[in-house]
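Asker: When you get a sec, could you give me coordinates for this:
(3 chains)
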Amino acid sequence: MTPEQIIFLIVAIVTLVAGISVVTSRNLIHSALWLILSLFGIAVFYVLLDAGFFAVIQVIIYIGAIAILFIFAAMLTRRVMQDTGPQSNSNWWLGALIALLLLAGIAVVLVNWQGFTSLAPELINPSERINQLGLALVSPDQYVLPFELASVLLVAAMIGAIFVAGEKKQ
Amino acid sequence: MSTELLIWLLPLPPLLAFFLIVLLTNRYKALSHSIAVGAALLSWLGSMVVFINAVRTEHLGANPIASVLNWLPTGDSWFQIGVRIDPLSAATLFFVAWTVLMIFIYSVGYHNYGQPQGDHDKKGLQPHGAIVADEHGHKHVVPSIEPMYSRFFAFIGLFAFGMYTLVVSDNLLTLFVGWEIMGLCSYLLIGFWYQKPTARAAMIKAFMTTRVGDVFMLLGIAYLYSSIDSLSYSEIFKPETLQKLAETPAIGGFLGLTAAGVIGILLFIGTVGKSAQWPLHVWLPDAMEGPTPVSAMIHAATMVSAGVYMVIRMFPLLQAGSEHGLLTPAMTLMTIIGAFTAIFAATIAVAQNDIKRVLAYSTISQLGYMIAALGIGAYVAAAFHLITHAFFKALLFLGSGSVIHGVVHGVLHTGEQVDPQNMFNMGGLRKKMPITFWTFVIGGFALSGFPLVTAGFWSKDEILADAFGHGHWVVFITLALAALLTAFYTMRQITLTFLGEPRTESAQHAQETPWTMTLPLVILAVFAVGIGWAGISESFPVIGGIIPNFVHEFIGGTLAELPEALPFNIWPLIVSLVVALGGLTLGWLVYRNQKAGAEDPLKIALGPIHTVLKNKYYFDEIYDTIFVRPAYWLADKFTNKFLDRGVIDGILHFIARIASNVGGILRNYFDKPVVNGFGDFVGEGVKKVGRSIKIIQTGRVQQYLLMALVLAFAAMFYFVFTFVGH
Amino acid sequence: MIPLSWYLIFAAILFCIGLYGVLVRKNAIAILMGIELMLNSVNINLIAFWRYRSADGIAGQAFAIIVFAVAAAEVAVGLALIISIYRRRSSVVADDMNLMKW
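Answerer: The predicted structure follows:
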């Protein structure tokens, strides 16, 4: 067991437990907090995958914005959903079954794939990654179009969110 | 334009007038009468031109002014129709044109043109008068204008067209066309005031009775056509044709007659109907229901004359087969019926009180004269009497209309409820209506045969002379007696109407009629006096020979050989003078002191015979029982109830019931269960399926997701496990 | 070192946990949290594949960036909707939002 593997296993278990707690917690704020923990775990994974930029992005955006947004929404809609009562609807067994089946299916498919147990190749120029990513996102030969579209999407989402959630003037 | 073209155009103006009035100017009274009178004037003008051309033509009888055109294609050849003016039709055209024009002008005044509209005048009834107030506020009733004014002129226009067509035509077919058009107009005009029940009955009676005659005439025409393949006069009157017809026996050896005889008799029956001879005379007196111009035109001057004209025209055919002056069976029949009718109608006329009835029976009687004359072979005399009779009879009728108008004026003025047509309510009118009086006297004297100065004398004298000269004693005596009666009832009429003192208030207040009515009277009176002088026999003492006997020469020229003029014989002249003057005197003597409300002296003298005469020998009642009632019964019980409602309607109802039942079966056993059921099934089925399936749509997103994933997994597993081997 | 399979299995398990959350939770916000887990697992997959299979290229990373952006936008709009619904109906229970029911 290399130290990497041990770290991997610990973080994986933490993340998965946090994930399970997200979907089973009775209190919505607890769910949000468990979500933040799980997102942290994901960030660590990004680091393990030599994608440090993504780890930072993960923390800033997901945890810093999205999870906060969740907490805001939970607080704004708090009155109705109290900590009492079951959190799961009546078909939880069917949902669990589906999830397990899906897992089994994916596992079966992956096991039969020959690249399944490959190891990571050497990175040639690790410090150039971010440069390369930045250039890729704005270069017309590469991914400027998805980049621009993503920005338009964000604008639209922003405007939409403001409009939908805004107070209607009487 | 050529004379032939002019002849073709003669019937057209009145026809055009008819169409214009009916289609366009019905509402405009002045315009309508102007169109009608203008048309009559145009035709009169054309007729005069044609007549003058005709008399100037040499030997018009041998080469008449004629023109034909091909009309109906009949196999290889054509049926031709055309116009033909020979002496007979020229003379007829002359008097037709004059009398038609006079009557058209008269109608303007008769229907009270210029008078106000009546207060409660309705279309279909005689006008009752209008209340007018003069400048002092006095109200009195004046005669009102006829509500259906324009319609009258339209009808007489159509009638004039029919008469002109008949006169100018050169074949029996177009003659028959004109004949029937006049029959139609007679029907329409007798029943002009159609809301009156008596008028309605009279119009139907006239049409039906003449129809009987017309059917036989049509049979005659058909027989003639089938014998010689032509109906035109030029064909019929060829000597070969006449000989052939006289020698062929009739179909089926009918009574041993020849074809010519049968055809002649059949054609003559048409005249019996149209010219109201016994036994088909019953319609003419009832036809007096129509307005007086109608009576004058149709039933005195033109339509009834058309019957006599036709039979005069067909004289060569009627005479075909006679040897040296012996009468053929057709001619014998004509003589018998003509003479009988003459005396028969004269006896009835003596007992009539209505001024127009007397004239109606007089017409029947005079037509009998003409037919009897033709029957004994007096061709020229018959034609001459036709011409003179048209003038003076029209004059008498128009005069009677004028009298009635004058008395109606008095009736409206006084408000008395008397019959304005009854002579016993008149009297003393000579002072009130002088023009009418003098013209009526001229006409009446002409009818009676007043010597020398009236036309009737010359024509009647000629008939009597012919009868005497050819030795037909029975005919001579019958006609002489009829002449006596004629003079008697004519003077009776004149005395009761004009002489003496007024017998009622209305007669007291009678008034002369306007110039539109008196002018025609004067003009016709001129003819009634003068036309006779065109036919003075050459051998007449003293004055014979001064004027050539135009009538004899001209009209006689129509026949193939000019009939010989009889030498003068004093006896017929004496007899006719005696009967004429004697009858006139007798009539004056009996009636000159007739008082108001007194009985008719004749009634006292004759007693029950008078009642029989007054009721026209009960012929109407006899015909009613024998013919009319059975016909009605047959129509009602058999044709209407049994055939029409029972059989025909029964079949129809049966078919309808079957159809209805089939429809019901189809509906209940096919349409409702199958078609409706299927439709409903589809609809309900869809609804049921929808109702069961809609439960899936719960509106909950998570359930949708679950369902989607379940189904996706199911599909995926299916595909994985089916192809897991590959 | 760490074989690819570990990452992939991990991502799969995280994905299924997120799916379970989406299918089972009552609260609408909790459903959105489940969706976030699923999106994150997808991102892990993407980056893992990039690292192990085509580390020279940049496609995987670019794709992951886009996924980030989309996820952010989606959460923003989704929460805005939920708040708007909450204002109208005073409830964020997913089962109560059934206007599209038959």
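Asker: ok now do residue 10, which residues does it touch?
Answerer: I went with chain A, as the question did not name one. Contacts here follow Cβ atoms under 8 Å, 6 or more residues apart in numbering or on different chains; on that basis A:I10 touches nothing. For the C-beta atoms, the positions are set from N, CA and C on the backbone; glycine is no exception.
Asker: ah, I was thinking of chain C
Answerer: A:A12, A:T15, A:L16, A:F45, C:I44.
Asker: rerun that using 6 Å as the cut-off
Answerer: Contact partners of C:F10, counting by Cβ atoms under 6 Å, 6 or more residues apart in numbering or on different chains, are A:A12.
Asker: pretty sure B:I364 contacts B:H281?
Answerer: Yes. When contacts are counted by Cβ atoms under 6 Å, B:I364 is listed as touching B:H281 (5.2 Å).
Asker: Outline the domain layout of chain A.
Answerer: A:1-81, A:126-170 (automatic domain parsing).
Asker: and the ones you listed, which one's lowest on average pLDDT?
Answerer: Set side by side, these give their lowest mean pLDDT on domain A:126-170, at a mean of 85.
Asker: at contact distance from chain C, anything in that one?
Answerer: Yes. Using Cβ under 6 Å from any Cβ of the partner chain, we find that domain A:126-170 touches chain C at A:132-133, A:136, A:143, A:146, A:150, A:153-154, A:157, A:160-161, A:164-165.
Asker: Okay, and which of these map to helices?
Answerer: A:Q132, A:L133, A:A136, A:P146, A:A150, A:L153, A:L154, A:A157, A:G160, A:A161, A:V164, A:A165 (DSSP state H).
Asker: Give me every residue in chain C lying close to chain B.
Answerer: C:L23, C:A94, C:D95, C:N98, C:L99, C:M100, C:K101, C:W102.
Asker: Next, the contact list for the second one, please.
Answerer: To tie it back to what came earlier, the one meant is C:A94. Applying Cβ under 6 Å, 6+ apart, we find C:A94 in contact with B:Q702, C:A28.
Asker: list the contacts for the spatially most central residue of chain A?
Answerer: Centrality entry for chain A: nearest residue to the mean C-alpha point is A:L39, 6.0 Å, by Cα atoms, centre = their mean. A:L39 makes contact with A:Y62, A:I63, according to Cβ under 6 Å, 6+ apart.
Asker: which SSE is it in?
Answerer: A:L39 is part of helix A:28-48, with elements assigned from DSSP states H and E.
Asker: Give me the buried positions along that helix.
Answerer: Neighbour counts over helix A:28-48 (16 or more other Cβ atoms under 10 Å in any protein chain shown) mark A:28, A:31-46, A:48 as buried.
Asker: go on, stretch B:185-199?
Answerer: Of all the residues in stretch B:185-199, those buried under the rule 16+ other Cβ under 10 Å are B:C185, B:S186, B:Y187, B:L188, B:L189, B:I190, B:G191, B:F192, B:W193, B:A199.
Asker: immediately after the helix or strand harbouring B:V96, which helix or strand?
Answerer: Using DSSP H and E, B:V96 falls within helix B:87-110. Reading on from helix B:87-110 to the C-terminus, the next helix or strand found by DSSP H and E is strand B:130-133.
Asker: what pairs with that next one, and is each one parallel or antiparallel?
Answerer: According to DSSP bridges, strand B:130-133 has the following sheet partners: strand B:139-142 (antiparallel).
Asker: any residues touching the very next helix or strand once past the partner strand, and which ones?
Answerer: Counting by DSSP H and E, the next helix or strand C-terminal to strand B:139-142 is helix B:149-168. Contact with helix B:149-168 is made by B:7, B:10-11, B:14-15, B:17-18, B:21-22, B:26, B:29, B:32-33, B:36, B:83, B:89, B:92-93, B:96, B:100, B:111, B:175, B:178-179, B:181-182, B:185, B:188-189, B:302, B:306, as judged by Cβ under 6 Å, 6+ apart.
Asker: residues near residue 64, how many?
Answerer: Using chain A. 14 (other Cβ atoms under 10 Å in any protein chain shown).
Asker: look at chain B instead
Answerer: For B:P64, using other Cβ under 10 Å, the count is 22.
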